[in-house]
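Participant: Below are the sequence and a predicted model; questions follow.
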Amino acid sequence: MDSDPDTEKDGGTASARGKKKKRKYRAVFVSDTHLGTRAARVDLFLDFLKSVECEQLYLVGDIIDGWRLKKSWYWDTTHNDAIRRVLKMAKTGTKVVYIPGNHDEGFRDFTGHNMAGVTMVMDAIFESATGKKYWVLHGDEFDGVVLYAKWLAYVGDWAYTTLLKINTGFNWVRRKMGYSYWSLSAYLKHKVKNAVEFIGHFEDAVAAEAARRGVDGVICGHIHHAERRMIGNVEYLNDGDWVESCTALVEHDDGTWEILYWADEVAARMEKAQNYKRRKKARRKMKAPSQTPVAAE
């Protein structure tokens with residue numbers, strides 16, 4: 001019998017949370033988890049899934065990295081737990097929508113079908129609590145490299161994967177030293193001029209198409225850069241990724257949006273737990289009976 005991921009440890013981020021109160025959202029959007037790669041922060045993603053409840057869950061592409069799995073197989077029990085968690089959410093009433101991206105493009109052959117409670121679509125229109133309409137898509141359609149030079153995209157994927165391997169080793173050392181997760185690739189991406197220009201052009205192109213379609217906003221992933229801003233009259237929302245920034249986009253019941261930075265939240269939770277242990281240890285030490293020797297008469 002498969003074990004329930006609720007009762008298992010979350011890859012070192014948190015132990016089973018028992019009856020801890022979950023955060024409740026109207027809708028949750030995640031993308032670019034890249035399950036099947038060693039760089040994927042599946043431990044953090046699983047911890048996130050266990051921590052929230054929502055009416056609607058949108059998986060906005062590149063959830064499973066088919067490109068990487070074709071080259072070398074990597075899939076551990078935490079990956080299985082994450083998939084089971086999503087399926088359990090679908091089974092218990094959450095509307096789960098899967099929009100395949102370029103790394104899991106094989107699933108595009110199944111759009112229009114329902115698989116174990118998960119609806120597969122190419123894109124979707126999401127209506128917020130305030131009645132606004134958002135176009136939801138992965139976003140690779142607006143990446144010129146993926147569209148017109150796929151071989152170059154694979155070269156870029158190799159370079160990116162190499163950088164993530166370096167980042168994985170770097171963060172292993174940071175964890176041993178007691179520091180939280182930090183993304184080298186995300187840092188470099190925002191320091192390189194061409195990368196910054198690409199992000200800007202991508203956002204403008206997606207927003208322009210959303211305006212042409214007459215929607216109020218657009219929600220996407222693909223570029224691993226969480227963002228929320230107005231571009232003209234269009235609200236641009238990007239839910240980020242789970243290999244660099246470990247972010248999710250959530251809608252509250254009143255229709256307000258928030259980007260959650262889960263690596264930071266887990267780090268703060270762990271620091272709080274460590275501080276509690278230190279205070280508890282200090283209190284025990286203060287209450288301990290004095291060991292001062294008594295002078296002989």
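Facilitator: Thanks, I have the structure now. Numbering: from 1, shown residues only.
Participant: Report the separation between residue 241 and residue 274.
Facilitator: Distance, residue 241 to residue 274, using Cβ to Cβ, to the nearest Å: 28 Å. Placement of C-beta: from N, CA and C, glycine included.
Participant: Likewise for residue 71?
Facilitator: Plainly put, residue 71 is 39 Å away from residue 274 if you go by Cβ to Cβ.
Participant: Pick out the residue nearest the middle of the chain.
Facilitator: To find the centre residue of the chain, average its C-alpha atoms and take the closest one (Cα atoms, centre = their mean): that gives residue 242, at 3.7 Å.
Participant: Name the SS class of that residue, please.
Facilitator: coil (DSSP: H, G, I helix; E, B strand; the rest coil).
Participant: what's the closest non-adjacent residue to it?
Facilitator: If the residues on either side of it in the chain are set aside, residue 242 comes closest to residue 33, at 4.3 Å by Cβ to Cβ, 6 or more residues apart in numbering.
Participant: what ranges of the stretch 101-250 of the chain fall below the confidence cut-off?
Facilitator: 144-198 (pLDDT under 70).
Participant: these two touch, right, the residue nearest to the centre of the chain and residue 37?
Facilitator: No - taking contact to mean Cβ atoms under 8 Å, the distance of 10.3 Å between residue 242 and residue 37 leaves them out of contact.
Participant: burial of residue 283, as a residue count?
Facilitator: The local packing count at residue 283 equals 10, with neighbours defined by other Cβ atoms under 10 Å.
Participant: Make sure it is indeed in a strand.
Facilitator: No - looking at residue 283 with three-state DSSP, it is helix, so not inside a strand.
Participant: In contact with residue 250, which residues?
Facilitator: 25, 27, 28, 29, 52, 54, 257, 258, 259, 260 (Cβ atoms under 8 Å, 6 or more residues apart in numbering).
Participant: I should have written residue 212 there, sorry.
Facilitator: So residue 212 contacts nothing (Cβ under 8 Å, 6+ apart).
Participant: Let me know the secondary structure of it.
Facilitator: Each residue gets one of three states, and residue 212 gets helix by three-state DSSP.
Participant: swap in residue 271?
Facilitator: Using three-state DSSP, the structure places residue 271 in helix.
Participant: And the pLDDT at it?
Facilitator: At residue 271, the predicted lDDT confidence score is 87.
Participant: What is the burial count for it?
Facilitator: When counting by other Cβ under 10 Å, one arrives at 12 neighbours for residue 271.
Participant: which stretches of the chain form strands?
Facilitator: With DSSP state E applied, the chain shows strands at 23-30, 52-59, 95-98, 114-115, 118-120, 124-127, 133-136, 217-220, 227-231, 234-238, 247-251, 257-261, listed in chain order.
Participant: out of the ones you listed, deepest packed?
Facilitator: Here the criterion is mean neighbour count by mean count of other Cβ atoms under 10 Å, and of the strands of the chain the winner is strand 217-220, at a mean of 28.
Participant: now that strand, how far from the centre of its chain.
Facilitator: Relative to the centre of its chain, strand 217-220 is centred 16 Å away, using Cα atoms, centre = their mean, to the nearest Å.
Participant: cool, stretch 263-280 as well?
Facilitator: In terms of Cα atoms, centre = their mean, the centre of stretch 263-280 is found 21 Å from the chain centre.
Participant: Buried residues, that stretch. List them.
Facilitator: 263, 265, 266, 267 (16 or more other Cβ atoms under 10 Å).
Participant: gap between the third one and residue 81?
Facilitator: It stands for residue 266. Plainly put, residue 266 is 16 Å away from residue 81 if you go by Cβ to Cβ.
Participant: what's the answer for the last one, then?
Facilitator: If you measure residue 267 against residue 81 using Cβ to Cβ, the figure is 21 Å.
Participant: Residue 59 too?
Facilitator: 16 Å.
Participant: before we move on, what about residue 120?
Facilitator: Shown here: residue 120 relative to residue 81, a distance of 22 Å by Cβ to Cβ.
Participant: what about the helices in the stretch 51-200 of the chain?
Facilitator: Assigned helices in the stretch 51-200 of the chain, in chain order: 66-71, 77-91, 144-148, 150-176, 184-191, 193-213 (criterion: DSSP state H, counting those that start in this stretch).
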